[in-house]
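In: Could you work out the structure for the sequence below:
(chains A and B)
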Amino acid sequence: MKRLIRPIAIVLVLITLLLPLGACNSAQGNGKVETIKIGVAVYRKDDTFVASLCSYLEQIAKNKEISSGKKIVVNIVDGQSSQAVQSDQVDSFISQNYNVICVNMVDRTAAAVIVDKAKAANIPVIFFNREPVEEDLRMWSRAYYVGADAAESGRLQGETIVNAYNKDKSLIDKNGDGKIQYVMLEGEQEHQDALLRTEYSIKAVTGAGIHVEKLANDTANWQRAQGTAKMAQWIEKFGDRIEVVFSNNDDMALGAIDAIKESKRKIKPIVVGIDSTQNGLKAIEDGTMFATVFNDAKAQAQAIFDLSYSFTSGGSSSAAVSVENGHYVRIPYWAVTKDNVEKALDSLRQ
Amino acid sequence: MTKKKMLAFILILLAFVVSFLILNRDRIFEKKNNMPFQISVITRGKSTESWTTIKQGIDQAAKDMNVEVSFVTLSTENNSQEQISLMQREITNGANAIVIAPANSTDLKQPIEKARKSIPVITMQSTIDTIKDLPYISCDNYQLGSALAEKIVADKNTDGRIVILRNSMNCSNIHQRYMGVISVLGTVSKNIEYWDIPDDPQEAYDTAKGRLQNQKAATLIALDGATLEAVGKAERDLMKSGTQVEIYGLGRTNTVVSLLESQVIKSIGVENEYNLGYLSIQSAVDNINKKSNGSNTKINFAIVDHTNMYSSDNQRLLFPFVQ
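Out: The predicted model follows:
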């Protein structure tokens, strides 16, 4: 008996020491496919641009799933314009141990809280489409923003009017008073993209030495129906005086076009948008919209995915995409008019 | 080893075991009860807008019932082989239950039978009729089809050429819908034809547009939301050039609702997709907990046109945001 005690004691000690290791490692093995979970929280799923970006993201992930043999879950949830709902959704992603969290914020001031939570859980966070303030991003080295330079989109939008004006003044300055009378359809109040697009579109025009006169401006929350309602009011008030309609996005520009069609006026203002949505490009094709700016949803989706994938595969983010200042991935814009609308449509079809 | 040494050894051993249990108490005791069920939902196609409402129901159920859902889509529409391999992958990855919309009644039969031996499998939208006691969440698709056909009769749109758009006929729900439509229209019209519509949305649109331009039809009937959207868009784009056809269909997407409002589409039959998603997860949880009563769940549906689309009941079906 005494001879047996020593080996039994050694075995028992070994088992006791190895038990915790077994508990830690129980999830691996058994032929399981590696799973990558990407949580995507959007401010509204029915926003045309955001919806197309999400659709590209799902496609890209599906293709990668096939080529890599890994299981890639892209869970897109709708914040329904409520920051409280979105915060709950982000909490849920964290509690379910998602590998990466992507957030298109309802309220950009909530970024700091999200970064804090993600940092505590050590889950990288990628903001997109709505840019947080720089201080919030700098709170953590694994917080990123993927999007475009909103000021550039405004500048390009303004330049389409400048080019048309320089080519044929009468096309823009219909009453020949040497000034462009315009109205401005803006996105949400205090939304950074809306503010920058509004500011820089007009700066591009005035910077080219062209005089402008603002007849009206108002927010239409990026939505087509609200764009129609605002434009109908302005047509009623200003009639043929409106020469150019600047819109912070295509949906509101299309809304303005709906109102212009409805009014059956002979003199129609020039309408310019931003985003290059499918319907926006169709409107350029049929001549109802003058210009838009290509906001490359597909390239943004690709950058979001490449960044996300690099976090989970141990690669470096800077190798996957070009990251500026440690936190920013900027996708360039380009202007679209009737001359190059086919190129834009081709880009959407690919 | 003396008795004292042995006692000391046993005490140390006990201390090890107790400390292990204390340190891992969450893992061993409490968390077992709180651990969310892993349920995989496998669609029969790509991630398209037609799944939006169903997914809202799924997400709500997942939240209410502490479930972690993997929403798995295919790379192409109705690809049964891909669906089979994804189902196997999900089982290997530890899913507690599978909710699936079988792409094909024949190909999926054996894999689902095999899967059911290890975990519960719930079918939604379409099912495998030949598997006994397979839980199935859907509306009565036969009734849905016949109700739409009765609407066509009531609208007096049975005199001209009626065309039924065929797509995904291997899915049990589409087949049942077709049988329901034919059970009514077959008795009142001899002038029924068929157009085959491809799975891919762009190809479906192009095919529908080409057929509308070249072959005159008085009434079109689509048996699923994606086909209805494709033909509705084609008709909308052709209306300027003078084609006019009465379009009826089953299923909803946001575009379909918009086309219904603008009267490009005459009438649609729509099931409560939100409930479909919610009840599928609930059924999966009940089956995991072995609380299922074994009966299939029928979802409500309605026939809607532009005159009644804003009634409070129909708004809930058409605009899930107001759920």
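In: measure stretch B:254-267 end to end?
Out: End-to-end distance for stretch B:254-267, by CA to CA, to the nearest Å: 14 Å.
In: secondary structure class for the spatially closest residue to B:Ser189 that is not a sequence neighbour?
Out: Once flanking residues are discounted, B:Ser189 sits nearest to B:Thr158: 4.7 Å by CB to CB, 6 or more residues apart in numbering or on different chains. For every residue, glycine as well, the C-beta is placed using N, CA and C. At B:Thr158 the chain is in coil, as set by DSSP: H, G, I helix; E, B strand; the rest coil.
In: how about B:Thr158, what does it touch?
Out: Under the criterion of CB atoms under 8 Å, 6 or more residues apart in numbering or on different chains, the contact list for B:Thr158 reads B:152, B:185, B:188-189, B:219.
In: And those, which is the shakiest by pLDDT?
Out: Least confident by pLDDT among the contacts of B:Thr158: that is B:Ser189, with 88.
In: how close does the spatially closest residue to A:Ile331 that is not a sequence neighbour sit to A:Lys179?
Out: Distances taken as CB to CB, 6+ apart put A:Ala299 closest to A:Ile331, at 4.6 Å, once the chain neighbours are dropped. From A:Ala299 across to A:Lys179, the span is 37 Å (CB to CB, to the nearest Å).
In: For the two, indicate the residue with more neighbours.
Out: It is A:Ala299, of A:Ala299 and A:Lys179, that has more neighbours when counted by other CB atoms under 10 Å in any protein chain shown, with 19 against 13.
In: Determine how far the helix or strand the more buried one falls within lies from the middle of the whole chain.
Out: Taking DSSP states H and E as the definition, one finds A:Ala299 inside helix A:297-312. How far helix A:297-312 lies from its chain's middle: 12 Å, per CA atoms, centre = their mean, to the nearest Å.
In: can I get the CA coordinates of that helix in CSV?
Out: Taking C-alpha atoms only, helix A:297-312 is exported to CSV below (Å, rounded to 0.1, in the frame of the first residue of the first chain):
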residue,chain,number,x,y,z
ALA,A,297,-19.7,53.0,-50.3
LYS,A,298,-18.0,49.9,-51.6
ALA,A,299,-14.4,51.1,-50.9
GLN,A,300,-15.5,52.2,-47.4
ALA,A,301,-17.0,48.8,-46.8
GLN,A,302,-13.8,47.1,-48.0
ALA,A,303,-11.7,49.3,-45.7
ILE,A,304,-14.0,48.5,-42.7
PHE,A,305,-13.8,44.8,-43.5
ASP,A,306,-10.0,44.7,-44.1
LEU,A,307,-9.4,46.5,-40.8
SER,A,308,-11.7,44.2,-39.0
TYR,A,309,-10.2,41.1,-40.5
SER,A,310,-6.6,42.3,-39.7
PHE,A,311,-7.5,42.6,-36.0
THR,A,312,-8.7,39.0,-35.9
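In: quick one: low-confidence ranges for the stretch 201-323 of chain B?
Out: Low-confidence segments of the stretch 201-323 of chain B, defined by pLDDT under 70: B:240-243, B:294, B:320-323.
In: how about the helices of it, start to end?
Out: Secondary structure of the stretch 201-323 of chain B by DSSP state H, counting those that start in this stretch: the helices cover B:201-214, B:225-238, B:254-261, B:273-288, B:312-318.
In: And the contacts of the shortest one?
Out: Applying CB under 8 Å, 6+ apart, the set of residues contacting helix B:312-318 from outside is B:252, B:257, B:260, B:270-274, B:301-302, B:304, B:308-309, B:322-323.
In: One more: the third one?
Out: Outside helix B:254-261, the residues that touch it by CB under 8 Å, 6+ apart are A:46, B:49, B:52, B:225, B:228-229, B:232-233, B:236, B:249, B:265, B:267-268, B:304-306, B:309, B:318-319.
In: From these, list the buried ones, please.
Out: For the contacts of helix B:254-261, a neighbour count by 16 or more other CB atoms under 10 Å in any protein chain shown gives the buried set as A:46, B:49, B:52, B:225, B:228-229, B:232-233, B:236, B:249, B:265, B:267-268, B:304-305, B:309, B:318.
In: And B:Val245, its phi and psi?
Out: Dihedral pair for B:Val245: phi -140, psi 150, per degrees, to the nearest 10.
In: Quick check, it in contact with B:Arg236.
Out: No: applying CB atoms under 8 Å, one finds B:Val245 not in contact with B:Arg236, separated by 11.3 Å.
In: where do the strands sit along chain A?
Out: Ranges of strands within chain A are A:35-42, A:71-78, A:100-103, A:125-128, A:143-147, A:179-186, A:211-219, A:244-247, A:270-272, A:292-294, A:328-330, A:334-336, based on DSSP state E.
In: Then the stretch 51-200 of chain B?
Out: Taking DSSP state E, counting those that start in this stretch as the criterion, the stretch 51-200 of chain B carries its strands at B:67-72, B:97-100, B:121-124, B:136-139, B:162-166, B:192-196.
In: Dump the ones you listed into a markdown table; add distance to A:Asn163 as well.
Out: Below are the strands of the stretch 51-200 of chain B laid out as a markdown table (distance: least, CB to CB, whole Å):
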| stretch | distance to A:Asn163 |
| --- | --- |
| strand B:67-72 | 46 |
| strand B:97-100 | 55 |
| strand B:121-124 | 54 |
| strand B:136-139 | 56 |
| strand B:162-166 | 46 |
| strand B:192-196 | 47 |
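In: For chain A, which of those is the nearest?
Out: strand B:67-72 (5.5 Å; CB to the nearest CB).
In: Show the contacting residues for B:Ser172.
Out: For B:Ser172, the contacting residues are B:102, B:105, B:126-129, B:141, by CB under 8 Å, 6+ apart.
In: cool, and A:Phe238?
Out: By CB under 8 Å, 6+ apart, the contact set of A:Phe238 is A:181, A:183, A:215-216.
In: and which of those residues is nearest A:Lys70?
Out: Of all the contacts of A:Phe238, A:Lys70 sits closest to A:Val183, with 50.3 Å by CB to CB.
In: Let me see the contact set for residue 82.
Out: With no chain named, the answer covers chain A. A:Val106.
In: Let me rephrase: I mean chain B.
Out: By CB under 8 Å, 6+ apart, the neighbours of B:Glu82 are B:74-76.
In: Apply 7 Å and report the result again.
Out: The contact partners of B:Glu82, by CB atoms under 7 Å, 6 or more residues apart in numbering or on different chains, come to B:74-75.
In: out of the contacts of B:Thr158, which are buried?
Out: Buried among those (16+ other CB under 10 Å): B:152, B:185, B:189, B:219.
In: I figured the last one was touching B:Ile164, is that so?
Out: Going back to what we said before, that points to B:Thr219. No: between B:Thr219 and B:Ile164 there is no contact under CB atoms under 7 Å: 9.5 Å.
In: Pick out the residue in the stretch 151-300 of chain A sitting closest to chain B.
Out: A:Lys282 (9.7 Å).
In: Repeat that for the stretch 201-350 of chain A.
Out: Closest to chain B within the stretch 201-350 of chain A is A:Arg349: 8.5 Å, counting by CB to the nearest CB.
In: out of everything not next to it in sequence, what's closest to A:Val205?
Out: The shortest distance from A:Val205 to any non-neighbouring residue, by CB to CB, 6+ apart, is to A:Gly158 (4.8 Å).
In: Would you mind listing the residues in contact with the one you found?
Out: A:200-205.
In: ok, the closest residue to chain A within the stretch 151-300 of chain B to A:Ala204 distance?
Out: Residue nearest to chain A within the stretch 151-300 of chain B: B:Asn254 (7.4 Å; CB to the nearest CB). B:Asn254 is 35 Å from A:Ala204, where distance means CB to CB.
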